[in-house]
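Asks: Need coordinates for the below:
(4 chains)
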2 protein chains.
Amino acid sequence: MATIDDVAKAAGVSTSTVSYVLSGKRPISAPTRARVERAIEKLGYRPHAGARALASSRTNVIALMAPLRVGVSVPVIMQFVAGVVTRARDFDHDVLLLTQDDVSGLDRVTSGSMVDALVMMDIEADDPRVPLVAAAKQPTVLIGLPQDPEGLSCVDLDFEAAGRLAVRHLVKAGHTDVALIGSPPEVLRRHTSYAERLMRGLRDQAKSSGVTVKVEACDSTPAGASEAVDTLLATAPETTGIIVHNEGALPHVLARLAERGAVVGTDMSVVAVCPTDVALSQRIPMTSIDLPAEDIGKVAVDMVMTRLEGEQPSETRLLAPVLTERESSAYGPAAGHD
Amino acid sequence: MATIDDVAKAAGVSTSTVSYVLSGKRPISAPTRARVERAIEKLGYRPHAGARALASSRTNVIALMAPLRVGVSVPVIMQFVAGVVTRARDFDHDVLLLTQDDVSGLDRVTSGSMVDALVMMDIEADDPRVPLVAAAKQPTVLIGLPQDPEGLSCVDLDFEAAGRLAVRHLVKAGHTDVALIGSPPEVLRRHTSYAERLMRGLRDQAKSSGVTVKVEACDSTPAGASEAVDTLLATAPETTGIIVHNEGALPHVLARLAERGAVVGTDMSVVAVCPTDVALSQRIPMTSIDLPAEDIGKVAVDMVMTRLEGEQPSETRLLAPVLTERESSAYGPAAGHD
DNA sequence: TTAGCGTGTTGAAACGCTTCGACGATCGTG
DNA sequence: CACGATCGTCGAAGCGTTTCAACACGCTAA
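Replies: Below is the predicted model:
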């Protein structure tokens, strides 16, 4: 492999000049720059990442900690990851992938100066990783909200607003008894905050709109979905509007409703909280509040990059939810069917 | 951050001694080792990854190129990735994630000495990346098979054997007219070899077993699945055994069959080729040939690590398919219903 | 007694880059 | 015309490791 010295020699300049051509940190005359660039081209020169990291204490790599296992819906994770990776490339950075459970990995990449910054997904209310990254010298952005975001930067969908929005949509359509089919019990037990935030918004809006709201946890399996539907319709048979916030269960919820003879979009309005592509790949196109996972990933990278240049105060960004009406929701019992 | 010199000073030894304690490449007496280890502990010392890479030309990072976009089924990708990342950790390596379309990324991480080795997923028959990695100095393992695997190491499920196995299973159960509902047309157009290999096995076995086999491409959408089922049953109404190799479409295929009044597991036998968890999360537990994505990822890492120590000849490993009988397949028309 | 060996440790030379301070040349300004 | 800026370039000092050659020491074998 050619080194920077080889390039310098070939171009008839000093090493530092080559470096400055590459980094643009000092002015270089056009002819010199041209000679250097030609030499780089000819030799196929690439700076050695390690040497660069050593000299500059910048690796141009960011760490992304993602839950590669069960729990959160897989397509959502992939979209986050895709967003992070592509946006990182826009900033000339690569992405080192860590698994959620590899807590020691945080220290490894952090203290070992392997990365310039961190993005962590799927933050729980009382996440053990939060104190670790707070102590690290690298800037960090969390996707999701911990209990106490003090001093940390976070980004997420505004689930509370999403909850309100979903209820308002159903209320406006004339529904007076709505329900949530939500996350699996184990997610709730972990106090993953998005579930709780959605519920808070839901209940707030239900209260102020004067409608009832029933909440069912739901395993992401056919059996779990059936059970949730059955329990719901047994204990709250007057329900005509359902919000589903559980992608894995969504198809099975719809299947179960169909089995029970409820026509979604007519007898029963269903609003999903999920990525748009998931909403569109159900048996009928779902009215949904988009979970813009890829965007969130991109915003996370933007935030982390901002913090990489110059000190920025920590901030929390909650993306406004957008509801798109499709065929799964319709006018309810109390509405004028115009 | 403490450096190796700080540690050496604190332990009263030379720098090199600390290095040898860390690497174990030279014998160190027990007392010295203990002193050094205590100093490391006390100072919270971590070697600087860049410095290490520079001096040793080893980064302890491998690159993983994954299709973060559409096409291949998302859960499968995640499982590959999880397998690669966890196994890499067993070898004390981290994983740098590249997207499939970032072809220039190959050169970047390769020539820039960012990684020790490469794993690439979702290889197409005539993949533009293959010549690039063949030229790289880092060992590479491909997940999937290119047209000409000469000199490259590959690992994949033995899809040809899987095709044969699926047909044999159906034939043994008495079916004489079987069909494949396969990958989306665009996957076939890209000549992703697994689709073609499966079909080859299918046809071979059908021929030697004397049964007919009809093949339908299928989009991974509700509409695509319905269309595939309808076309199939219109052009080959005698079909009683279906092999589905398209996870995205699988639930919709089952739904469409149900709509048409075909009872899967009784009127119609269905064998899926997909990860076990997908097979289990359908409306009924599917007889399936497992796609052991996580295992394949692990094997890929094993192979790449073997090549990292000492020159190994290139090799191709095809994992034997395993069929698990569940409730979606049953005895067909020609069988003795015992 | 001495040559030779293995063990444990050291010093110093890389590894390939960035960046600081310095310096000559060119420029505008009073 | 002299002065200080500004511009373009250079040399050299790091950055934090690994690893090689060398050496001191205590043994064993001849």
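
Asks: Name the nearest residue to the residue of the stretch 101-250 of chain A found nearest DNA strand C, sequence neighbours excluded.
Replies: Going by C-beta to the nearest atom of the strand, DNA strand C is nearest to A:D116 of the stretch 101-250 of chain A, at 12.5 Å. Bear in mind the C-beta positions are built from the backbone N, C-alpha and C, glycine included. Sequence neighbours aside, A:T59 is the residue nearest to A:D116 in space, at 5.5 Å (criterion: C-beta to C-beta, 6 or more residues apart in numbering or on different chains).

Asks: For burial, what's the neighbour tally of that neighbour?
Replies: A:T59 has 26 neighbouring residues, counting by other C-beta atoms under 10 Å in any protein chain shown.

Asks: Show me what the lowest-mean-pLDDT helix or strand in chain A is packed against.
Replies: Least confident helix or strand, chain A: helix A:185-189 with a mean of 86, by mean pLDDT, DSSP states H and E. On a contact count with 3 or more C-beta pairs under 8 Å, 6 or more residues apart in numbering or on different chains; DSSP states H and E, helix A:185-189 meets helix A:193-209.

Asks: Just the buried positions in the helix it packs on, please.
Replies: Buried positions in helix A:193-209, judged by neighbour count with 16 or more other C-beta atoms under 10 Å in any protein chain shown: A:193-199, A:201-203, A:205-206, A:209.

Asks: Then stretch A:40-59?
Replies: Neighbour counts using 16+ other C-beta under 10 Å place A:40, A:43, A:45-54, A:59 of stretch A:40-59 among the buried residues.

Asks: Is stretch A:121-130 in proximity to chain B?
Replies: No: counting by C-beta under 8 Å from any C-beta of the partner chain, chain B has no neighbours in stretch A:121-130; the shortest distance is 12.9 Å.

Asks: Buried ones in that stretch, by neighbour count?
Replies: Quick answer for stretch A:121-130 (16+ other C-beta under 10 Å): A:M121, A:D122, A:I123, A:E124, A:D127, A:R129, A:V130.

Asks: near chain B, which residues of the stretch 151-300 of chain A?
Replies: Counting by C-beta under 8 Å from any C-beta, the residues of the stretch 151-300 of chain A close to chain B are A:S220, A:T221, A:P222, A:G248, A:P251, A:H252, A:A255, A:S281, A:Q282, A:R283.

Asks: If I follow the layout properly, the second one ends up in contact with A:H252?
Replies: Yes: between A:T221 and A:H252 there is a contact under C-beta atoms under 8 Å: 7.2 Å.

Asks: With neighbour numbers in mind, choose between the two.
Replies: A:H252 (25 against 16).

Asks: hang on, the more buried one packs against A:A225?
Replies: Yes: with contacts counted by C-beta under 8 Å, A:H252 reaches A:A225, the gap being 3.4 Å.

Asks: and the residue of chain A nearest DNA strand D?
Replies: Closest point on chain A to DNA strand D, by C-beta to the nearest atom of the strand, is A:P27, at 2.8 Å.

Asks: three-state assignment of that residue?
Replies: Assigned with DSSP: H, G, I helix; E, B strand; the rest coil, A:P27 falls in the coil class.

Asks: In terms of pLDDT, where does it sit?
Replies: Among the per-residue scores, A:P27 holds a pLDDT of 93.

Asks: Tell me how many other residues surround it.
Replies: 7.

Asks: Need the phi and psi values for it.
Replies: Torsion angles at A:P27 (phi, psi; degrees, to the nearest 10) stand at phi -70, psi 140.

Asks: A:D101 against A:R69, yeah?
Replies: Yes: counting by C-beta under 8 Å, A:D101 does reach A:R69; the two are 7.4 Å apart.

Asks: who's more crowded, the two?
Replies: Shown here are A:D101 and A:R69; by other C-beta under 10 Å, A:R69 has more neighbours (15 against 12).

Asks: any idea which element that one lies in?
Replies: Using DSSP states H and E, A:R69 is not contained in any helix or strand.

Asks: Which residues are in contact with it?
Replies: Counting by C-beta atoms under 8 Å, 6 or more residues apart in numbering or on different chains, A:R69 touches A:T99, A:Q100, A:D101, B:A82.

Asks: try 7 Å this time
Replies: A:R69 is in contact with B:A82, counting by C-beta atoms under 7 Å, 6 or more residues apart in numbering or on different chains.

Asks: What distance do you get for it to A:E41?
Replies: According to C-beta to C-beta, to the nearest Å, A:R69 and A:E41 sit 45 Å apart.

Asks: next one: A:A217
Replies: 60 Å.

Asks: swap in A:A206?
Replies: A:A206 is 65 Å from A:E41, by C-beta to C-beta.

Asks: Also A:L257?
Replies: Relative to A:E41, A:L257 is positioned 63 Å away (C-beta to C-beta).

Asks: Also A:G182?
Replies: Applying C-beta to C-beta, the value for A:G182 to A:E41 is 57 Å.

Asks: Check A:V167 too.
Replies: Using C-beta to C-beta, one gets 61 Å for the distance from A:V167 to A:E41.

Asks: go on, A:V213?
Replies: The gap separating A:V213 from A:E41 is 65 Å, by C-beta to C-beta.

Asks: same question, A:L64
Replies: 33 Å.

Asks: Report all helices and strands that the helix or strand that contains A:R168 contacts.
Replies: Assigned by DSSP H and E, A:R168 falls within helix A:159-172. Secondary-structure packing of helix A:159-172 (3 or more C-beta pairs under 7 Å, 6 or more residues apart in numbering or on different chains; DSSP states H and E): helix A:193-209, strand A:269-274, strand A:287-290.

Asks: As a markdown table, the ones you listed with mean pLDDT and distance to B:K9 would be great.
Replies: Formatted as a markdown table, those follow (pLDDT from 0 to 100; distance: least, C-beta to C-beta, whole Å):
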| stretch | mean pLDDT | distance to B:K9 |
| --- | --- | --- |
| helix A:193-209 | 95 | 46 |
| strand A:269-274 | 97 | 57 |
| strand A:287-290 | 98 | 57 |
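
Asks: Tell me which of those lies nearest to B:L233.
Replies: Nearest to B:L233 among those is strand A:269-274; the distance by C-beta to C-beta comes to 29.8 Å.

Asks: For chain B, what's the nearest residue on the stretch 101-250 of chain A?
Replies: Relative to chain B, the nearest point of the stretch 101-250 of chain A is A:S111 (3.9 Å; C-beta to the nearest C-beta).

Asks: Can you tell me how far that residue is from B:T306?
Replies: A:S111 sits 30 Å away from B:T306, taking C-beta to C-beta as the criterion.

Asks: and what of A:P285?
Replies: Look at A:P285 and B:T306: by C-beta to C-beta, they are 49 Å apart.

Asks: Please say which of those two ends up with more neighbours.
Replies: Between A:P285 and B:T306, counting by other C-beta under 10 Å, A:P285 is the more crowded of the two (17 against 14).

Asks: Give me the phi and psi for the more buried one.
Replies: phi -60, psi 130.

Asks: OK, contacts around the residue nearest to it when sequence neighbours are not counted?
Replies: Excluding the flanking residues, the one nearest A:P285 by C-beta to C-beta, 6+ apart is A:R326, at 4.1 Å. A:R326 makes contact with A:A279, A:P285, A:M286, A:T287, A:S288, according to C-beta under 7 Å, 6+ apart.
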